[in-house]
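1. Quick one, structure for this:
(chains A and B)
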There are 2 protein chains.
Amino acid sequence: MFKILLFLFLSTFSLSLVAQDSDSLAIKKIANEVLINGQAYENLRYLCKKVGPRLSGSPGAQKAVEATARMLKEAGADSVYLQPCMVPHWERGEKEIGYIRTANGGRRNLKLCALGNSEGTGSKGITGTVIEVKNFAELERLGAGVIKGKIVFFNFEMNPTYITTFSAYGESGGARRSGPSKAAALGAIGVMVRSLASNPDDYPHTGATQYNDSFPKIPAVAISTNDAEWLSSQLKKKMMLTGYIRNTSRMLPDAPSFNVVGEIKGKQFPQEIITVGGHLDSWDLAEGAQDDGAGCVQSIEVLRAFKAAGLQPNRTIRAVMFMNEENGGRGADRYLELAKQHSEKHLFAVESDAGGFSPRGFSLDMSMERKEKISNWKGLFYPYGVYDFAAGGSGADVGPLKAIGTALAGLRPDSQRYFDVHHAATDVFESVSRRELHLGALSMAALIYLVDRYGL
Amino acid sequence: MFKILLFLFLSTFSLSLVAQDSDSLAIKKIANEVLINGQAYENLRYLCKKVGPRLSGSPGAQKAVEATARMLKEAGADSVYLQPCMVPHWERGEKEIGYIRTANGGRRNLKLCALGNSEGTGSKGITGTVIEVKNFAELERLGAGVIKGKIVFFNFEMNPTYITTFSAYGESGGARRSGPSKAAALGAIGVMVRSLASNPDDYPHTGATQYNDSFPKIPAVAISTNDAEWLSSQLKKKMMLTGYIRNTSRMLPDAPSFNVVGEIKGKQFPQEIITVGGHLDSWDLAEGAQDDGAGCVQSIEVLRAFKAAGLQPNRTIRAVMFMNEENGGRGADRYLELAKQHSEKHLFAVESDAGGFSPRGFSLDMSMERKEKISNWKGLFYPYGVYDFAAGGSGADVGPLKAIGTALAGLRPDSQRYFDVHHAATDVFESVSRRELHLGALSMAALIYLVDRYGL
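-> Numbering: from 1, shown residues only, chains lettered A, B, ... in the order given. Predicted structure coming up:
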């Protein structure tokens, strides 16, 4: 009996060694292809420098649709097609103006920008006493008695002691996401939000606010972290300061747009779909290099690497450029809707939407059994510096696929630099490292190779 | 018996849990101190923007000695002192000129700079046929018959498929380090070396060459990777191309300089020394932010964090700014010499000289027993994203301490961006992330905390 067990153990062991060995060779082939011939960086250059900002509904977004469709064809996709969807169409309008009145009748201009989806102030702007709050509890404590008629200054600092910057973003991001409506519920006339940036800088970082329809939609702007520090210090000295905001941003009727899809047909289980994606829309203030041009060109690179390395997948691999992640998620909704309509079987989906930095691992949103299966492959990723396979969210675009039982993952790059540039004018091509971008692409390709080979 | 073993096991286990818990709290205290109040970034700004380049023997190096001595005092060091040493004093001279003759009697200028320690060409420069070699075997194959009287172009590309860029640097770096003398041995009159850069760019990356005294010291320059690609493509089309180099660099007599040392006296074993260091000298073309301003300000930050967090170490902790790592290592030699002279007991030394990027781990150069002891602490580093504890070299400055039995370690940050800026004009303050720099500092402080508490 013991001998039989030993034999079984050893034969499983050696089979598994052979599999691991051929897997590590295949992954090495993919890696070398990406590191030597990778096109993601040059595709990103095009997306940033030739297309530029690509807010949902804008001409830039349409140019990006056309550009990435072409890139997918050049990458060797068997088919490339568009998925039409309607998207919110918000426009920033004229350059925003904002300042704080100073003692001698002067003014101190603020570096600010309207939050995405924000209503405008009207051409005359709004003027009001500025009230600082450090958290929502403080806002509630002050109540309508204090807040009514005022401009609320949400000074929620990103907690520097959190090692993963996304934790701090999640915690402090409430100010931007729901702060304007919470302030409006107490009668505020406008909102200034401290930019969600990890480090002091002079750039306003925009991002979507979501109005609660039960309350007035009051204008909301982000101010730079340096201005937030200054304003807070001034408010400590003087009890009352008057602020002015003028923005002409507005929401227009929904506009037509598209997800862009490229796929390689699987040879054995073509009906089983593996999705790799990023989002194509970006904020209007920057090139959207890290957020999320990187994820788009990495996803295209995954297809290109399979083709160039001569790996014919068993399942169908799709690279998807999702539209409208930033202020609506309509592309993601549409992708799920079409999947349901066509009764598609979505086995696995992975998203890159945390920047094109050195990959550190993957967060996994799937059943325990599936997590364990993926964890067994960890050793194959160590040579690439990819260590972290932890439970966690995937990405806003692939997330909805959970409803149809898809195993989800998110690429987790090093997060330290991301919020230096996130949603600000500094999110440009030059902030991306070619090697880091390509390492992220090859990590996703490797994971997809394994899921494709062994299923989940 | 079993019960006794179980008891022993459980009591060791729970003791160890208590220790781990108090350790993780102490490390968290250090981490928070560095992440909230860290001064490394502002110290680096000063070193880069107010001091600037600080090549051994230059006025910049002397300013850096004074500046870091002041920073160590401000960090709260119990004592700060200088260790005098003589250093090589090389000067670049006038801006180098170099070009390739083109068909129509024109010229194509090259982006180039003299290698550190290089002799000059004389004011008239040198002209010669350019011969490309891709490796040393090729050079030997061509032999004196071909090489004599020529300018050798060492086109050793950094292998992009190595995941750790230092591996590629080690491999291809031979061209810069020993190429000039190998070419001179075959009668070459000058050398152009492809810059050791991970990515195509337009900057020459300098660095030391070491002449072999048995052969003539011929002038040697680095050319940008883009120029190397261009030159190689031209040489494929035309068999013969003529190059010109002019540089007036020269080696002057040795100059006096210093290591800068700051220390906190240990309360229990003051005679046992733990060293944390980086090197203060930099190349003359840039601010030396990543190489190695980062390592210096991180080492100062380790002392500051201990003081600010109110941790009184058992052993003596020394932050050392080593002089002359780049072209001689005289500061490191002097440090060892003085340690021997004073019969100091050097328990442990860790160096940061791989950039101020996100820390990934430590390389360990010590006995197996000591490695195992450190490996047992790994779990304490996981929350900070520090995973890799592997055998490997430490750093050029602490390395000599091996001779007196010191356990050595090197901070290992993410290596992907390092050779984009290494030894080039792009190695400036702006290439460093505040959070990444501070994470590196707190990782070293945490390791030193553990070595100080438990010995090695």
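
2. quick one: low-confidence parts of chain A?
-> Applying pLDDT under 70 to chain A flags residues A:1-20.

3. what residue lies at the spatial centre of it?
-> Of all residues in chain A, the one closest to the mean position by CA atoms, centre = their mean is A:D353, 3.8 Å from it.

4. Surely it is within a strand?
-> No. Using DSSP: H, G, I helix; E, B strand; the rest coil, the secondary structure at A:D353 is coil, not a strand.

5. residues contacting it?
-> By CB atoms under 8 Å, 6 or more residues apart in numbering or on different chains, A:D353 lies in contact with A:G278, A:H279, A:D291, A:D292, A:G295, A:E325, A:G395, A:A396, A:D397, A:G410. Where you see a C-beta, it was placed from the backbone N, CA and C, and this is true even at glycine.

6. Try it again at 7 Å.
-> Shown in contact with A:D353 (CB atoms under 7 Å, 6 or more residues apart in numbering or on different chains): A:G278, A:H279, A:D292, A:G295, A:G395, A:A396.

7. Pull the number of nearby residues for the last one.
-> It refers to A:A396. Residues lying near A:A396 (other CB atoms under 10 Å in any protein chain shown) number 18.

8. And the closest residue to it other than its chain neighbours, its phi and psi?
-> With CB to CB, 6 or more residues apart in numbering or on different chains as the criterion, A:A396 has its nearest non-adjacent residue at 5.3 Å, and that residue is A:E325. Dihedral pair for A:E325: phi -70, psi -40, per degrees, to the nearest 10.

9. was I right about A:E325 contacting A:D397?
-> Yes. With contacts counted by CB atoms under 7 Å, A:E325 reaches A:D397, the gap being 5.5 Å.

10. which one of those two has more residues nearby?
-> The neighbour count for A:E325 versus A:D397, taken as other CB under 10 Å, is higher for A:D397 (30 against 26).

11. For the more buried one, give its distance to chain B.
-> Noted for A:D397: a distance of 25 Å to chain B, by CB to the nearest CB, to the nearest Å.

12. Just list the residues touching that residue, thanks.
-> Counting by CB under 7 Å, 6+ apart, A:D397 has contacts A:G277, A:H279, A:F322, A:E325, A:G331, A:A332, A:E351.

13. now with 6 Å?
-> Listed by CB atoms under 6 Å, 6 or more residues apart in numbering or on different chains, the contact partners of A:D397 are A:G277, A:H279, A:F322, A:E325, A:A332, A:E351.

14. The fourth one: what's it in contact with?
-> With contact taken as CB under 6 Å, 6+ apart, A:E325 is in contact with A:H279, A:A396, A:D397.

15. Which positions in the stretch 151-300 of chain A make contact with chain B?
-> Neighbours of chain B within the stretch 151-300 of chain A, by CB under 6 Å from any CB of the partner chain: A:P160, A:T161, A:I163, A:S198, A:N199.

16. Would you reformat those as CSV and include distance to A:E263, neighbour count and secondary structure?
-> Shown next, in CSV, are these (distance: CB to CB, whole Å; neighbours: other CB atoms under 10 Å in any protein chain shown; DSSP: H, G, I helix; E, B strand; the rest coil):
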residue, distance to A:E263, neighbour count, secondary structure
A:P160, 43, 19, coil
A:T161, 44, 13, coil
A:I163, 37, 19, coil
A:S198, 37, 25, coil
A:N199, 40, 16, coil
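
17. For these, work out which two are farthest apart.
-> A:I163 and A:N199 (15.1 Å; CB to CB).

18. quick one on the thing from earlier: filter the contacts of A:D353 down to the ones in strands?
-> Judged by DSSP state E, those include A:G278, A:H279 as members of strands.

19. Tell me the one among the contacts of A:D353 nearest to A:S249.
-> Out of the contacts of A:D353, the member with the shortest distance to A:S249 (by CB to CB) is A:H279, at 21.0 Å.

20. Show me what the closest one is bridged to.
-> Bridge pairing for A:H279 (DSSP bridges) gives the partners A:F322.

21. Can you verify my assumption that it contacts A:F322?
-> Yes. Because the distance of 4.5 Å satisfies CB atoms under 6 Å, A:H279 is recorded as touching A:F322.

22. More neighbours: which of the two?
-> Neighbour tally, A:H279 and A:F322, criterion other CB under 10 Å: the higher count belongs to A:F322, 33 against 30.

23. Distance of that one relative to A:L336?
-> 11 Å (CB to CB, to the nearest Å).

24. circling back: and which of the contacts of A:D397 is nearest to A:K73?
-> Proximity of these to A:K73 (CB to CB) peaks at A:G277, which lies at 17.2 Å.

25. what sits against that closest one?
-> By CB under 6 Å, 6+ apart, A:G277 lies in contact with A:S299, A:V320, A:F322, A:E351, A:D397.

26. element containing the nearest residue to it once chain neighbours are set aside?
-> Nearest residue to A:G277, sequence neighbours excluded (CB to CB, 6+ apart): A:V320, at 3.8 Å. Take DSSP states H and E as the rule and A:V320 turns out to sit in strand A:315-322.

27. Buried ones in that strand, by neighbour count?
-> A:R315, A:T316, A:I317, A:R318, A:A319, A:V320, A:M321, A:F322 (16 or more other CB atoms under 10 Å in any protein chain shown).

28. nearest to B:V146, of those residues?
-> A:A319 (49.6 Å).

29. is it true that the closest one touches A:I300?
-> Yes. Applying CB under 6 Å, one finds A:A319 in contact with A:I300, separated by 5.4 Å.

30. what do A:F322 and A:L336 both touch?
-> In contact with both A:F322 and A:L336: no residue, using CB under 6 Å, 6+ apart.

31. so A:V350 sits in a strand?
-> Yes. Counting by three-state DSSP, A:V350 falls inside a strand.

32. What is the three-state secondary structure of the spatially closest residue to it that is not a sequence neighbour?
-> Counting by CB to CB, 6+ apart, the nearest residue to A:V350 once its immediate chain neighbours are dropped is A:A409, at 4.3 Å. Judged by three-state DSSP, the three-state class of A:A409 is strand.

33. In this structure A:A409 contacts A:L364, no?
-> Yes. Using CB under 6 Å, A:A409 makes contact with A:L364 at a distance of 5.4 Å.

34. These two: which is more packed in?
-> A:A409 (30 against 23).

35. so what's the more buried one up against?
-> Counted by CB under 6 Å, 6+ apart, A:A409 has contacts A:V350, A:F362, A:L364, A:S394.

36. For the last one, what are phi and psi?
-> Translated: A:S394. Here A:S394 shows phi and psi, under degrees, to the nearest 10, equal to phi -100, psi -70.

37. A:G38 now?
-> The phi and psi torsions at A:G38 (degrees, to the nearest 10) take the values phi -50, psi 140.

38. ok, now the one 5 residues further on?
-> The phi and psi values for A:N43, taken as degrees, to the nearest 10, are phi -60, psi -40.

39. Point me to the helix or strand that includes the residue lying closest to it once chain neighbours are set aside.
-> Once flanking residues are discounted, A:N43 sits nearest to A:V297: 4.2 Å by CB to CB, 6+ apart. Using DSSP H and E, A:V297 maps to helix A:294-308.

40. helices and strands around that helix, which ones?
-> Judged by 3 or more CB pairs under 6 Å, 6 or more residues apart in numbering or on different chains; DSSP states H and E, the packing partners of helix A:294-308 are helix A:2-37, helix A:40-46, strand A:269-279, strand A:315-322, helix A:434-454.

41. Keeping just the C-alphas, turn the shortest one into CSV.
-> Provided in CSV are the C-alpha atoms of helix A:40-46 (Å, rounded to 0.1, in the frame of the first residue of the first chain):
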residue,chain,number,x,y,z
ALA,A,40,2.7,48.4,-25.7
TYR,A,41,5.0,51.4,-25.0
GLU,A,42,4.9,52.7,-28.6
ASN,A,43,1.1,52.1,-28.7
LEU,A,44,0.9,54.1,-25.4
ARG,A,45,3.0,56.9,-26.9
TYR,A,46,0.4,57.1,-29.8
